[in-house]
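# Here is my input, please return the structure:
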Amino acid sequence: MNSGFVDTFVLVIYMNYIKRSIEDLVKSSDKTFKCVLVTGARQTGKSTMLKALFPDKKYVPIDDPFIEDQANENPNMFMMLNPPPAFYDEVQRAPGLFRFIKIKCDESDKRGQFCLSGSQPLELMESASESLSGRVSIIELAGLSLREIQGSPFNEPFVPTMEHVQRRSGSAKAPDNLWAIIHRGSYPELQNPDLDWSAFFSSYVKTYLERDVRKLSAVQDLDDFRRFMVAVAARTGQMLNYANIADEISKDAMTVKKWMSILEASGIVYLLEPYTPSVMKKAIKTPKVYFRDTGLAAYLTRWLTPEALAYGAMSGAMFETFVISEILKSYSNRGIDYRYCVSYYRGRDKKKVRKDGQEYETESEIDLIIEENGTLYPIEIKQSPAVTADEASAFTVLDKVEEKRRGMGAIICTCPQPNLLRDNLLQLPVYYI
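The predicted model follows:
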């Protein structure tokens, strides 16, 4: 890392443990349910958080080869040796345990019998939902948010309203160096400034390929999958084009689609679905792909320093990826399934824009739409510190949706302070998310 560029990158709460915004939800779930399952990508801090919150529960690391064999070969004996209250870490390695956990839960009305963690969210949730219905609370833990890195107590889901901005203003703080944070990424281990960034991600990718990818799919050549990851990282913030990626890595589109589902299932990427109500006939129905962690995306695309990333060709896409990720974290950290309330819009209806003194036509696009209580909140994302109301001209397309109301819109950017650009449009600094 370039020390001249990041000497002001101060991590407010770098200690042995960084307090997570979701802790209160996890603790209340442990008191309410017989079992709590925390999912999320590898290295997001699931084990660390659960051990810190529940030191009295027996810790059982199922990624230990001996324990994994025991859990898979003789789950009944395993449960006898590791009775509740217990914390089973990396439980996806012994999926047969869910049936025995259900049996043990049904033997007692006691709450908080088991804590489980695992790094294959979609697969885990399906197994847990089928086996432990009514007994388990499933919680997603993302990487560290900017709020957590700064030690902010604010924990409301982001929505671009005046009321939210007023409540946020008491704790909102501009980071000393935003691009150092974007480049460093959100994995808790990397908040130690002495940990080598490149070495961490090299090990992360190797472990991910050899453990998670092999577990989720019979990929014959992990080098091919690595090249696929690089191709996807180079397209973060773009509409997903399977054929284009397939051409680049010399694979067929069906293989690429299958591999994309692996990235999604293991929490590496998020597919943002388009907003396509029937009245918006020109809407494009292709999802956009976003890496969950900007540090990993930067590593894969070889942006090796914060300053190279900030001034490079991918700066706009990385900034948008960071903003989307931060907004999603604000929801998942409150236990809200954001998949049902966020989308984006891009349509073939043209709008006129001016740039460098020239007027030209472009497709209408809204980077993010948050839906809440029948209201649509449109958001534009710009890395520039200076924005104008004209950049939100596409927001009016939402007025066509008769059964919904268009709420306050926002342009999230690198401006220093919030500002009202017009009656229903805010200019917001990224650190107000």
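# drop to CA atoms for contacts and neighbour counts, all remaining ones
Fine.
# Quick one, grab the pLDDT at the most centrally placed residue in the chain.
Most central in the chain under Cα atoms, centre = their mean is residue 292, positioned 4.3 Å from the mean C-alpha point. Residue 292 carries a pLDDT score of 97 in this model.
# Would you agree residue 26 is in contact with residue 140?
No - counting by Cα atoms under 8 Å, residue 26 sits too far from residue 140 to count as a contact (10.0 Å).
# check contacts around residue 90.
Residues in contact with residue 90 (Cα atoms under 8 Å, 6 or more residues apart in numbering) are 61-63, 116-119.
# which one of the residues you listed is nearest residue 30?
Nearest to residue 30, judged by Cα to Cα, of those is residue 116 at 11.0 Å.
# Now for that closest one: which residues touch it?
35-38, 87-91.
# Identify the farthest-apart pair in those.
Spatially, the most separated pair among those is 35 and 90, at 14.7 Å (Cα to Cα).
# who's in contact with stretch 23-31?
With Cα under 8 Å, 6+ apart, stretch 23-31 has contacts from 36, 49, 53, 111-112, 115, 137, 139, 334-335.
# what comes up buried for it?
Of all the residues in stretch 23-31, those buried under the rule 16 or more other Cα atoms under 10 Å are 23, 26, 29-30.
# Would you convert these into a markdown table that also reports distance to residue 399?
Listed next are the buried residues of stretch 23-31 as a markdown table, based on distance: Cα to Cα, whole Å:
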| residue | distance to residue 399 |
| --- | --- |
| 23 | 39 |
| 26 | 39 |
| 29 | 40 |
| 30 | 43 |
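# how many neighbours does residue 19 have?
When neighbours are defined as other Cα atoms under 10 Å, residue 19 has 17 of them.
# Just to check, it is in contact with residue 150?
No - counting by Cα under 8 Å, residue 19 sits too far from residue 150 to count as a contact (10.4 Å).
# who does the helix or strand encompassing residue 298 touch, helix- and strand-wise?
Per DSSP states H and E: residue 298 is located in helix 294-300. Applying 3 or more Cα pairs under 8 Å, 6 or more residues apart in numbering; DSSP states H and E, one finds that helix 294-300 makes contact with helix 178-184, helix 197-207, helix 222-233, helix 315-332.
# who wins for proximity to residue 399 among the ones you listed?
Taking Cα to Cα, helix 315-332 is the member of the helices and strands packed on helix 294-300 nearest to residue 399, at 23.3 Å.
# List the contacts of the closest one.
Outside helix 315-332, the residues touching it (Cα under 8 Å, 6+ apart) are 139-142, 145-146, 155-158, 182, 236-238, 290-294, 309, 337-338, 368, 381-383, 430, 433.
# Residue 114 against residue 89, yeah?
No - contact criterion Cα under 8 Å: residue 114 and residue 89 do not qualify, at 10.5 Å.
# list the buried ones in the helix or strand where residue 80 lies?
According to DSSP H and E, residue 80 maps onto helix 75-81. Neighbour counts over helix 75-81 (16+ other Cα under 10 Å) mark 75, 78-79 as buried.
# With stretch 93-105 instead?
The neighbour-count check on stretch 93-105 (16+ other Cα under 10 Å) flags 93-94, 96-102, 104-105 as buried.
# one step back: among the contacts of residue 116, find me the one that's closest to residue 206.
Within these, proximity to residue 206 (Cα to Cα) peaks at residue 90, which comes in at 17.7 Å.
# Chain neighbours aside, what residue packs nearest to that closest one?
Distances taken as Cα to Cα, 6 or more residues apart in numbering place residue 118 nearest to residue 90, at 4.3 Å, with adjacent residues excluded.
# residues in contact with the one you found?
Applying Cα under 8 Å, 6+ apart, the residues near residue 118 are 37-40, 46, 89-92, 124.
# For it, grab phi and psi.
phi -170, psi 150 (degrees, to the nearest 10).
# for residue 429, same thing?
The phi/psi pair for residue 429 (degrees, to the nearest 10) is phi -70, psi 150.
# which residues pair with it across the strands?
Counting by DSSP bridges, residue 429 is bridged to residue 413.
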